[in-house]
Each structure stands twice: as structure tokens, then as C-alpha cells.
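1. Give me the fold of what follows.
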Amino acid sequence: MLRRVKRAAPQGIGGRARVGKRTKDLIKRLEPGDIAVIDHADLDRVAADGLVAARVAAVVNAKPSVTGRYPNQGPLRILAAGIPLVDEVGSELLDTLEDGQPITVAEGDICVDGEIVASGHRRTEEDLEAVIAEAKRTIGAELQRFAENTLEYVRHEAELTFAPLNLPPLHTSINGRHVLVVVRGHDYKEDLRALRPYIAEYHPVLIGVDGGADALLEQHLKPDLVIGDFDSVTAGALGVAKDLIHHVHPNGHNPGFEELQAFGVDYEEFVVEGTSEDAAMILAHEAGADLIVAVGTHATMIEFLDKGRPGMASTFLTRLRLGPTLVDAKGVSRLYEGRVRRRDIVMLLAAALAVILVMVAVSDSLRVFIDAVWLSLRDAFS
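-> All right, here's what the predicted structure looks like:
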């Protein structure tokens with residue numbers, strides 16, 4: 001039960017409540033100054049970055065944003081952006097609040113019209129870091145469960161992963177070309193920007209995995225193909241791609257079917273085991289891609305736990321199947337980080353001076369001009 005306590009209107013952070021049980025869907029509706037009310041245990045980094053980018057005034061979580069199960073970094077990114085975070089207010093709040101209703105967040109209290117309707121834990125960097133440090137200390141148990149789950153699924157999925165596939169008909173020509181597969185994962189924006197020279201030179205086929213299609217559009221790049229379950233992609237991205245491919249599992253599971261019907265677009269199905277990003281890379285490989293460059297894909301235990309997946313069997317098997325055809329561009333932007341050093345400036349000036357001296361040495365007219373300038377300066381100061 002939510003407790004209601006009548007009191008004077010508190011001094012706190014006010015805004016319109018935007019309520020959603022799926023954070024990635026809620027992010028699409030957020031506007032600057034809104035208060036995001038979510039139901040998200042172990043808030044992942046990608047979701048946290050989406051909340052920060054939406055410039056919300058505060059985040060209220062019905063569940064603990066960090067449970068201590070593993071060292072997720074999402075909550076710290078919220079606080080680093082200066083956004084207050086209140087945890088464990090209870091799931092009843094999401095049913096009580098109306099979307100768009102004005103609320104106030106005062107410390108750990110959630111207030112409506114001066115009444116406290118829920119209370120939680122106002123997080124600080126110190127207490128989050130303490131929980132995360134403990135999670136790092138006990139990560140061995142989670143790693144063991146993760147490895148066991150992965151191996152168990154490998155036993156069941158290996159045959160499916162390497163079975164012959166029926167490729168959907170494509171308007172996009174992939175055979176003999178480079179392919180860039182974009183997923184909205186960690187650091188995808190920075191890596192995409194760093195890859196702009198590569199894209200300009202090689203003109204790879206651009207594949208967006210669900211929201212990865214919108215990530216390409218944000219960089220003023222047009223996706224050639226969109227694949228996935230279409231639960232986090234906008235109609236704008238679907239309107240520019242030549243091919244829309246719905247990822248369907250061999251057991252008939254087809255998440256996103258309702259979304260596709262609502263969009264009212266023409267699409268093809270690709271039946272393959274694994275995640276949608278696995279399906280994108282396998283499709284490119286089987287269609288004859290010379291090289292597959294992956295941006296934002298998930299490849300570590302922390303990233304998979306952030307996604308709510310207990311193992312990474314399909315990704316492990318997919319990478320075995322693709323072998324050297326696959327290049328992971330995760331973190332490529334860090335290769336270009338740095339500042340202009342004084343030594344670099346001195347070397348640039350020295351090179352320019354050397355060029356001038358060579359030009360003077362080989363050009364009679366330029367040498368005469370330099371001599372004339374020198375004589376004029378000497379006469380002026382003599």
C-alpha cells in the first residue's frame with residue numbers, strides 16, 4: 001500500500017511523471033524536464049545513457065537500480081550527469097501515477113499535490129560505489145552461473161547455429177562487399193563517428209539492428225537493411241531502408257510481429273537461432289560479405305547481464321562461424337583520443353620551414369625576392 005501523508009508542499013524537483021515498465025520504450029516519450037518513473041532492476045548502461053540524453057529532471061525506480069548481483073554501471077552514469085536517482089519506491093507507484101501527472105521528488109519522497117505517495121532510497125555515488133565494489137568481489141559466483149548457462153545452451157544450439165540457412169530475398173547487394181552492422185550498445189555513437197573515414201572510403205552495406213537503424217540516421221547515414229524484432233526502431237528508419245528483415249527463431253517464436261503489423265510495411269523473414277545482432281552478422285556472412293564490421297555489439301559478460309541474458313552461447317557460436325570475416329569495432333574511437341602535443345606543433349612548424357628553405361634554394365626569383373626584402377629591412381633599421 002502507498003502511504004499518503006498530508007503536509008506542506010515540499011521543496012524538491014518537480015516535473016511531469018512519465019511512467020513505463022520498459023525503460024527503452026519510455027525513453028522515446030521523454031522530454032527535457034520530465035521525471036522518469038521506471039521499473040528496472042540493475043539499470044543498464046545503455047538505458048541510463050538514454051535517460052541522460054533525454055535530459056530528465058530525475059529518475060524514480062520502483063526496483064533497486066543496482067542489486068549487487070553484478071557491477072552494473074548505469075546508476076553511476078545517472079548521478080554523474082547530475083540527475084537525482086530514487087530507488088525502491090515500490091511497483092505500486094507505477095499503477096497509481098497517471099502519465100504526465102505533475103509530481104515532486106524531495107529527497108527520497110515522491111509527492112503529489114503536497115502528499116507523500118511513495119518513499120524510496122535517494123542514491124549517492126558513495127553508496128552505489130560500495131554496492132558495486134561488493135559486487136565485483138563476489139562476481140565469481142555470477143560468472144560461474146553465466147558460464148554454466150552458456151555451456152548448457154551451446155549443447156542445444158550448436159547444431160542449429162551451423163545448420164544450412166534459407167536466406168530471404170534481398171534488394172541490397174552484399175556479395176563481395178564490406179558490411180557495417182550497427183547495434184545500440186556501449187559507445188556506439190563515438191565508434192560510428194570514428195568510422196566515418198572508413199565508411200566514406202569503402203561504402204559498406206549499412207545494417208541497423210533494431211534501434212541501430214536510428215543510430216545510423218543520427219549520424220546522417222542511411223541504413224540499407226534493418227533486421228530484428230522491430231521493438232525499438234522508428235517508422236522513419238523503416239521508411240528509408242531497402243530491406244526489412246524480421247528475425248524469427250526456429251521454434252516459431254517471432255517477437256515484434258505485432259509491431260511490424262502496426263507499421264504496415266513489407267518485410268521478409270529470416271529464421272535463425274540467436275540474438276538479432278547474431279542474425280544480422282550471419283545474414284551478411286551467408287550473403288557473401290568480404291568483411292563484417294560490428295559496432296555496439298555485445299561481447300562481454302557484463303554487457304549480456306545488462307541485456308538480461310543469462311549466457312552468451314549464440315554470440316560465442318556466431319563468432320566461431322564467422323571467424324576472421326568479423327571485425328569488432330567496439331572502442332575504436334579510443335584509438336583516436338588524444339590532444340595536440342607541443343612536440344607535434346614544433347614538428348609541423350619545422351617541416352613548414354624546411355619546405356620554405358628548399359623553395360628558396362631552388363628558385364632564383366624567390367631568392368632574389370628574399371634578398372630584396374632583407375636589404376629593405378636592413379636599410380630601414382640602419
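
2. residue boundaries of the helices in the stretch 1-150 of the chain?
-> 23-27, 45-53, 74-80, 92-96, 125-137, 139-161 (DSSP state H, counting those that start in this stretch).

3. no no, the stretch 251-382 of the chain
-> 257-263, 276-286, 301-306, 313-322, 342-362, 364-381.

4. Would you mark the buried spots in the first one?
-> For helix 257-263, burial by neighbour count (16 or more other CB atoms under 10 Å) applies to 260, 263. C-beta coordinates here come from the backbone N, C-alpha and C atoms, glycine included.

5. For that helix, which outside residues touch it?
-> Applying CB atoms under 8 Å, 6 or more residues apart in numbering, the external contacts of helix 257-263 come out as 229-231, 235, 238, 244, 246, 267.

6. Any idea which of the residues you listed the model trusts least?
-> In terms of pLDDT, residue 231 ranks lowest among those, with 80.

7. Now that one. Nearest residue, chain neighbours left out?
-> residue 256 (5.1 Å; CB to CB, 6 or more residues apart in numbering).

8. wait, isn't residue 204 in contact with residue 293?
-> Yes - counting by CB atoms under 8 Å, residue 204 touches residue 293, with 6.8 Å between them.

9. Mutual contacts of the two, please.
-> Joint contacts of residue 204 and residue 293 (CB under 8 Å, 6+ apart) are 178-180, 198.

10. farthest pair in these?
-> Spatially, the most separated pair among these is 179 and 198, at 12.2 Å (CB to CB).

11. which sections of the stretch 101-250 of the chain are below the confidence cut-off?
-> For the stretch 101-250 of the chain, the stretches flagged by pLDDT under 70 are 154, 156-163.

12. Show me the strands in it, by range?
-> In the stretch 101-250 of the chain, the segments counted as strands under DSSP state E, counting those that start in this stretch are 102-106, 109-112, 115-119, 121-122, 178-182, 205-209, 225-228, 243-248.

13. could I get the ones you listed as CSV with mean neighbour count and distance to residue 29?
-> Below are those laid out as CSV (neighbours: other CB atoms under 10 Å; distance: least, CB to CB, whole Å):
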stretch, mean neighbour count, distance to residue 29
strand 102-106, 20, 16
strand 109-112, 22, 19
strand 115-119, 20, 21
strand 121-122, 16, 25
strand 178-182, 27, 23
strand 205-209, 27, 21
strand 225-228, 28, 20
strand 243-248, 22, 24
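
14. Show me the one of these that comes nearest residue 320.
-> Nearest to residue 320, of all the strands of the stretch 101-250 of the chain, is strand 178-182, at 16.9 Å by CB to CB.

15. Sheet partners, orientation included, of that closest one?
-> strand 205-209 (parallel), strand 291-295 (parallel) (DSSP bridges).

16. Redo these as CSV? Include distance to residue 129.
-> Shown next, in CSV, are the strands paired with strand 178-182 (distance: least, CB to CB, whole Å):
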stretch, distance to residue 129
strand 205-209, 33
strand 291-295, 30
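
17. for the ones you listed, which one sits closest to residue 186?
-> strand 291-295 (10.1 Å).

18. Mind listing residues that contact the closest one?
-> Outside strand 291-295, the residues within contact range by CB under 8 Å, 6+ apart are 178-183, 185, 188, 191-192, 195, 198, 204, 212, 277, 281, 284-285, 322, 325-330.

19. Report the buried residues of that strand.
-> Those would be 292-295, for strand 291-295 by 16+ other CB under 10 Å.

20. cool, and stretch 263-278?
-> 263, 267, 270-278.

21. need those residues in TSV with distance to residue 65, can you?
-> Below are the buried residues of stretch 263-278 laid out as TSV (distance: CB to CB, whole Å):
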residue	distance to residue 65
263	32
267	36
270	35
271	37
272	34
273	32
274	29
275	24
276	26
277	25
278	28
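
22. and the two most separated of those residues?
-> Farthest pair in the buried residues of stretch 263-278, by CB to CB: 263 and 273, 24.9 Å.

23. Residue ranges of each domain in this structure, please.
-> 5-133, 165-335, 342-381 (automatic domain parsing).

24. Can you convert those domains into TSV and add a column each for distance to residue 143?
-> Output for those, formatted as TSV (distance: least, CB to CB, whole Å):
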stretch	distance to residue 143
domain 5-133	9
domain 165-335	6
domain 342-381	43
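
25. Tell me if I'm right that residue 86 and residue 121 touch.
-> Yes - with contact defined as CB under 8 Å, residue 86 reaches residue 121; the gap is 6.8 Å.

26. Between these two, which contacts overlap?
-> In contact with both residue 86 and residue 121: residue 108, using CB under 8 Å, 6+ apart.

27. which ones are touching the residue lying closest to residue 315 once chain neighbours are set aside?
-> Counting by CB to CB, 6+ apart, residue 278 is the residue found nearest to residue 315 once chain neighbours are left out, at 5.9 Å. Counting by CB under 8 Å, 6+ apart, residue 278 touches 272, 314-315, 318.
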